[in-house]
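Colleague: Predicted model follows, preceded by the sequence.
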Amino acid sequence: MFDFGFNELLLLSILIIIFFGPKELPVVLRAIHNFFSKLWVYSKEIRTSIESLVDDADITNQKELKEVKKEINRITKDIDNKNNE
């Protein structure tokens, strides 16, 4: 997801320590962890919802295709019956 190398993580760690101090570091890290955990859960829910919608659309399209196929078969049978008469 993010393309962080060692240098970027080191710089980010130093900046967090400078801005928040070593005493607040555990609190800040917990908050960051909670944020990304919630973000991951929400993205998983969205992905599941989208997959569900796609599956529903596929089922609807398949039902429509079956109905069209039945109609085509009925028409071809009618044409065959007319030709045989």
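Modeller: All right, it came through fine. What you see is a predicted model, and the numbers here were worked out from it, not measured in a lab.

Colleague: I'd like to know which elements the helix or strand hosting residue 7 is packed against.
Modeller: Using DSSP states H and E, residue 7 maps to helix 6-84. The contact analysis (3 or more C-beta pairs under 8 Å, 6 or more residues apart in numbering; DSSP states H and E) places helix 6-84 against no helix or strand. No exception for glycine: its C-beta is placed from N, CA and C like everyone else's.

Colleague: Quick one: distance of that helix to the chain centre.
Modeller: 1 Å (C-alpha atoms, centre = their mean, to the nearest Å).

Colleague: Also stretch 4-23?
Modeller: 32 Å.

Colleague: average model confidence for it?
Modeller: Stretch 4-23 shows a mean pLDDT of 87.

Colleague: Can you give me the buried ones in that stretch?
Modeller: Within stretch 4-23, the residues that count as buried by 16 or more other C-beta atoms under 10 Å are residue 16.

Colleague: how many other residues sit next to residue 34?
Modeller: Each residue near residue 34 was counted by other C-beta atoms under 10 Å, and the total is 10.

Colleague: repeat for the one 3 residues further on
Modeller: Other residues near residue 37 number 10, with proximity taken as other C-beta under 10 Å.

Colleague: Equivalent analysis for the one 5 residues further on, please.
Modeller: Around residue 42 sit 10 other residues, with neighbours defined as other C-beta under 10 Å.

Colleague: quick one, what contacts it?
Modeller: By C-beta atoms under 8 Å, 6 or more residues apart in numbering, no residues touch residue 42.

Colleague: so how far is residue 51 from it?
Modeller: Note on residue 42: its distance to residue 51, by C-beta to C-beta, to the nearest Å, is 15 Å.

Colleague: That concludes my questions; thank you for your assistance.
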